[in-house]
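**Student:** next come a sequence and a model predicted from it.
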Amino acid sequence: MRAILVREFGGPEKLRAEEVPDPKPGPSDVLVRVRAAGVNPVDVYIASGNYARKPPLPFIPGSDGAGEVTEVGAEVKGFTPGDRVYIAGHGSKPAGAGTYAELTVCTPSQLHRLPARASFAQGAALGVPYSTAYRALFHRAAARPGETVLVHGATGGVGIAAVQIAHAHGLRVIGTGGTDRGLEVVRAQGADVVLNHRAPDHLEAIKEATGGRGVDVVIEMAAHENLDKDLSILALRGRVVVVGNRGRVEIDARQAMGRDAAILGMAIFNTSEADFASIQAALVAGLDNGTLVPVIAQEIPLAEAARAHAAVMESGGLGKIVLIP
């Protein structure tokens with residue numbers, strides 16, 4: 001099969017398309033033909049070697065994907081060849097067996113039903129982005145219907161997911177982006193208010209949109225730039241969930257003190273197996289009823305994974321980048 005291999009850590013140029021032997025599932029495994037693989041910033045960090053989790057070399061990158069079951073181990077129940085599935089989770093699949101390949105071996109806990117109304121590309125967009133957004137909103141921030149949430153950087157994969165999920169659960173959503181086109185996309189996903197975070201007065205506009213009260217929850221994609229600003233527009237007992245950060249930041253802690261505010265970190269890899277299963281059940285329901293519709297920014301051939309890794313780190317993306325084997 002064709003797969004992307006990382007033989008040494010480094011930048012996108014270290015990703016190589018190679019012919020490798022087809023993987024063989026064990027008695028408790030499922031073999032999936034990958035029709036689309038999701039590309040996430042964390043894939044870039046892992047491939048660079050600058051991440052807390054460093055797989056042994058060589059390895060096939062990727063944790064998200066979608067496709068069809070082709071072979072089922074003798075001990076596996078609940079899956080049959082031909083089933084449409086998406087891949088999400090960090091279970092005990094063989095080391096280095098990622099989704100940037102034509103075939104991949106998965107554990108049953110990593111596979112979830114892909115409704116017929118969703119494309120394989122949309123299925124590949126679910127794992128990290130939608131699971132992160134759901135966990136940030138409900139497991140970390142404990143957001144409730146009727147509250148106001150600011151999705152600070154709402155045009156990327158996690159941002160669009162957060163807007164869709166929050167809107168579907170009855171929250172009032174303020175979404176920010178950096179371009180007119182991005183704001184159009186965010187509004188189309190269900191945001192009640194859209195604002196350009198490059199405008200010098202956007203913080204005042206957020207306050208005005210809440211009648212001066214402030215927002216209850218901030219889903220923050222770039223804490224190194226925005227965390228101190230986020231504290232200034234929180235309501236009493238507001239919560240900021242740090243989803244993304246690329247450097248150190250200085251904050252005025254008095255802003256948190258005066259509001260009884262909470263700054264909450266999160267990483268999807270810390271999710272328990274039970275919580276992850278609960279999240280996927282909610283996501284499948286959203287796909288089924290049409291409230292969750294992943295937006296695909298680019299479909300890039302598998303052999304051009306290096307280009308996808310460069311693109312996913314650029315600002316201004318509108319939706320999810322996926323690789324097509």
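**Tutor:** Perfect, I can see it now.

**Student:** determine the longest helix present in the protein.
**Tutor:** For the chain, the longest helix by residue count, based on DSSP state H, is helix 273-289.

**Student:** for it, list the C-alpha coordinates in CSV.
**Tutor:** What follows is helix 273-289 as a C-alpha-only set of coordinates in CSV (Å, rounded to 0.1, in the frame of the first residue of the first chain):
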residue,chain,number,x,y,z
GLU,A,273,-12.1,6.3,27.2
ALA,A,274,-15.6,6.6,28.7
ASP,A,275,-15.7,10.4,28.1
PHE,A,276,-14.4,9.9,24.5
ALA,A,277,-17.1,7.4,23.8
SER,A,278,-19.7,9.8,25.1
ILE,A,279,-18.4,12.6,22.9
GLN,A,280,-18.5,10.4,19.8
ALA,A,281,-22.1,9.3,20.5
ALA,A,282,-23.1,13.0,20.6
LEU,A,283,-21.2,13.7,17.4
VAL,A,284,-22.8,10.8,15.5
ALA,A,285,-26.2,12.1,16.6
GLY,A,286,-25.3,15.5,15.3
LEU,A,287,-24.3,14.1,12.0
ASP,A,288,-27.5,12.1,11.8
ASN,A,289,-29.8,15.0,12.4
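
**Student:** mind listing what's buried in that helix?
**Tutor:** 276, 278-280, 282-284, 286-287 (16 or more other Cβ atoms under 10 Å). The way it works is simple: take the backbone N, C-alpha and C, and place the C-beta from them, glycine included.

**Student:** and the residues you listed as CSV, adding pLDDT and distance to A161?
**Tutor:** Shown next, in CSV, are these (pLDDT from 0 to 100; distance: Cβ to Cβ, whole Å):
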residue, pLDDT, distance to A161
F276, 94, 15
S278, 95, 16
I279, 97, 11
Q280, 96, 13
A282, 97, 12
L283, 97, 9
V284, 96, 14
G286, 96, 10
L287, 95, 12
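
**Student:** thinking again about what came up before, what's downstream of the longest helix of the chain, the next helix or strand?
**Tutor:** Downstream of helix 273-289, the next assigned helix or strand under DSSP states H and E is strand 296-301.

**Student:** which other residues reach whichever helix or strand comes after that following strand?
**Tutor:** Sequence order places helix 305-312 as the next helix or strand after strand 296-301, per DSSP H and E. The contact list for helix 305-312, computed with Cβ atoms under 8 Å, 6 or more residues apart in numbering, reads 4, 11-13, 15, 17, 39-41, 43-44, 47, 61, 100, 298, 300, 317, 321, 323.

**Student:** of those, buried ones?
**Tutor:** In those, burial by neighbour count holds for 4, 12, 15, 17, 39-41, 43-44, 47, 61, 100, 298, 300, 317, 321, 323, counting by 16+ other Cβ under 10 Å.

**Student:** narrow those to those in strands?
**Tutor:** Within those, residues falling in strands by DSSP state E are 4, 15, 17, 39, 298, 300, 321, 323.

**Student:** how about the helices in this protein?
**Tutor:** Under the criterion DSSP H, the chain contains helices at 41-48, 120-124, 127-134, 157-168, 180-188, 202-209, 223-232, 253-258, 273-289, 305-312.

**Student:** which stretch among the ones you listed comes nearest P21?
**Tutor:** When those are compared by Cβ to Cβ, helix 305-312 sits nearest P21, at 19.4 Å.

**Student:** between that closest one and helix 41-48, how many degrees?
**Tutor:** Computed by axes from the mean of the first three to the mean of the last three Cα atoms, to 10 degrees, the angle separating helix 305-312 from helix 41-48 equals 130 degrees.

**Student:** okay, now A256: neighbour count?
**Tutor:** 18 (other Cβ atoms under 10 Å).

**Student:** repeat for the one 3 residues further on
**Tutor:** For R259, the tally of surrounding residues (other Cβ under 10 Å) stands at 17.

**Student:** circling back: what is the longest helix of the chain packed up against?
**Tutor:** Applying 3 or more Cβ pairs under 8 Å, 6 or more residues apart in numbering; DSSP states H and E, one finds that helix 273-289 contacts strand 111-113, helix 127-134, helix 157-168.

**Student:** in the chain, which residue is closest to the centre?
**Tutor:** Nearest to the geometric centre of the chain sits P129, at 1.3 Å (Cα atoms, centre = their mean).
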